[in-house]
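Chemist: would you be able to build a 3D model of this:
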Amino acid sequence: MPVTTSGYVIASASSRVETMRADWLSRYGYLPAQDSIEQAWIELAADLAYDLDAGGGSLWDAMSAYTAQGAALDRWFAGRPARRAATASRYTFRATTTSGSVTYPAGWIVQGGGPDGSSRWRVVASTVVTTSPTLVVFEALDDGPVTMPGGLTTLQIVTPITGISAVSYNPANGDPFVVGRDRETDAQYRARALSVRGSAAGTTYPGIRARLLGLSWVQAVALARPAVGVARITVYPAPLGADQRQQLAEGIVYGLAWGIISDPTSANSEPVVLPDGDGTVTARWSVGTPDPIPVVVQVALSGVALAQVEAGIRDAISGVVAALNVGSPLRYAAVFVAIASVPGVVGITSLTLDGSAADYIPLPTSLVVLIGPPTVTT
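Modeler: Predicted coordinates for the structure are as follows:
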């Protein structure tokens, strides 16, 4: 029986063969020859038993949110923010015309940047371009962290358009951009979902956070009540493009209870047209400041090599950080437990958050983010 005091333990097919040969000897008084039909039946039965037990192992893991994987893990957290899908990078490029004004249509393609210098980007929303450099928001066609290089980049115009003379990007201009991310892994999603309470359908504090965190590009949300009937909302990162501003504004307006308004002193705003011809409501929000820190961990392993678990450890750490609120401390214990939960990790020799073996406390307006991939050694 696979279920033992040590958990669900699956015997290998080869060990089953030896057990079945020993049972055959006790029953019939001889051992089958290796090239006999009896031995073939024993090996077939051992393989079948192993396959059945392995399938049972998947069902066993699906019974807990701490071990479920893939779709089973998604079902565990069906009432909380969904797993974050991969998102596309967005950059603000500058376009110019040969003369006069030209509308750069949504969906038109340019090429440049990215890992091989030939990533493709589409115009997010139709923009009127003039002879002066005009800011146009472009989105990568490929999901994930597609980035532009340092220095001036002149992009190739793939979709022909009369009147547009050049499209370029220069990081020295400081134009806003958001780097996309890969689909959230099981370890990242588990750590984040376990830290989030409330349903996105609710108007409670956890419900509002869950609703806004459901937006694929939002990494963190903070809530405060500066006065009765007023909600101060801080998000990170800032929305880039009119579509993301509208998504955030609608999430705020429809997430707040009837009669509650967003803080009028917040720096950013966007109107939302209410259904049933009931006018408009203005959503307001602030943008949090990132506080990047390094995380370094040394682990003890058993039965696995570092290369086999390094990605899982990094994902576990990233999941804890991704669940943080603006101004929330990064708890040493939460990171420690997340690392210890990775199969194969039997001990943690050392762990530092920004060089210290203690909680990291950011400014109230800052969001803790990773300065780079966590450093993992043995």
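Chemist: residues contacting the closest residue to residue 111 other than its chain neighbours?
Modeler: Once its chain neighbours are removed from consideration, residue 111 has its nearest residue in residue 156; the separation is 4.5 Å (Cβ to Cβ, 6 or more residues apart in numbering). Quick note: C-beta positions are derived from backbone N, CA and C, even for glycine. Residues in contact with residue 156 (Cβ atoms under 8 Å, 6 or more residues apart in numbering) are 110, 111, 112.
Chemist: 10 Å instead, please
Modeler: Applying Cβ atoms under 10 Å, 6 or more residues apart in numbering, one finds that residue 156 lies in contact with 109, 110, 111, 112, 118, 120, 167.
Chemist: any idea of the pLDDT on the residue nearest to the fifth one when sequence neighbours are not counted?
Modeler: Same thing as residue 118. In this structure, residue 118 finds its nearest non-sequential neighbour in residue 111, 5.7 Å apart by Cβ to Cβ, 6+ apart. Residue-level confidence at residue 111 comes out at 96, pLDDT.
Chemist: which stretches of the stretch 1-150 of the chain have low pLDDT?
Modeler: Across the stretch 1-150 of the chain, the ranges flagged by pLDDT under 70 are 1-9, 54-58, 60, 79-81.
Chemist: please enumerate the strands of it.
Modeler: 3-4, 7-8, 88-97, 102-104, 109-111, 120-123, 127-129, 134-143 (DSSP state E, counting those that start in this stretch).
Chemist: elements contacting the last one?
Modeler: Of the remaining helices and strands, those touching strand 134-143 by 3 or more Cβ pairs under 10 Å, 6 or more residues apart in numbering; DSSP states H and E are strand 88-97, strand 102-104, strand 109-111, strand 120-123, strand 127-129, strand 164-169, strand 177-178, helix 242-255.
Chemist: can you do 6 Å?
Modeler: Identification of packing neighbours for strand 134-143 by 3 or more Cβ pairs under 6 Å, 6 or more residues apart in numbering; DSSP states H and E yields strand 88-97, strand 120-123.
Chemist: can you redo the ones you listed as CSV with distance to residue 73?
Modeler: Shown next, in CSV, are the helices and strands packed on strand 134-143 (distance: least, Cβ to Cβ, whole Å):
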stretch, distance to residue 73
strand 88-97, 24
strand 120-123, 32
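Chemist: of all those strands, which one comes closest to residue 377?
Modeler: strand 88-97 (30.6 Å; Cβ to Cβ).
Chemist: which residues are contacting the closest one?
Modeler: Outside of strand 88-97, the residues that reach it under the criterion Cβ atoms under 6 Å, 6 or more residues apart in numbering are 129, 131, 133-140, 143, 146, 148, 163-169, 175-180, 240.
Chemist: tell me the buried residues within these.
Modeler: 129, 133-134, 136-140, 146, 148, 164, 167-169, 175, 177-180, 240 (16 or more other Cβ atoms under 10 Å).
Chemist: the stretch 251-378 of the chain: helices as residue ranges?
Modeler: Remark: helices of the stretch 251-378 of the chain, listed N- to C-terminal, are 306-322, 332-340; assignment by DSSP state H, counting those that start in this stretch.
Chemist: looking at these, which is buried most?
Modeler: For the helices of the stretch 251-378 of the chain, ranked by mean neighbour count under the definition mean count of other Cβ atoms under 10 Å, the leader is helix 306-322 at a mean of 20.
Chemist: and the angle from that helix to helix 332-340?
Modeler: Between helix 306-322 and helix 332-340, the angle formed by their directions is 150 degrees, by axes from the mean of the first three to the mean of the last three Cα atoms, to 10 degrees.
Chemist: return the list of helices and strands in contact with helix 306-322.
Modeler: helix 186-195, helix 332-340.
Chemist: hmm, try it at 8 Å
Modeler: Taking 3 or more Cβ pairs under 8 Å, 6 or more residues apart in numbering; DSSP states H and E as the contact definition, the neighbouring helices and strands of helix 306-322 are helix 186-195, strand 295-301, helix 332-340, strand 366-370, strand 375-377.
Chemist: average pLDDT for the longest one, rounded please.
Modeler: With pLDDT averaged residue by residue, helix 186-195 scores 75.
Chemist: let's have the chain start at 42 instead
Modeler: Shifting the count to begin at 42 puts that one at helix 227-236.
Chemist: next one: that helix to chain centre, how far?
Modeler: 9 Å (Cα atoms, centre = their mean, to the nearest Å).
Chemist: that one: what's the following helix or strand?
Modeler: Along the chain past helix 227-236, the next helix or strand (assigned with DSSP states H and E) turns out to be helix 246-254.
Chemist: okay, buried residues for that following helix please.
Modeler: For helix 246-254, the neighbour count (16+ other Cβ under 10 Å) marks 248, 249, 250, 251, 252, 253, 254 as buried.
Chemist: nothing else from me, thank you.
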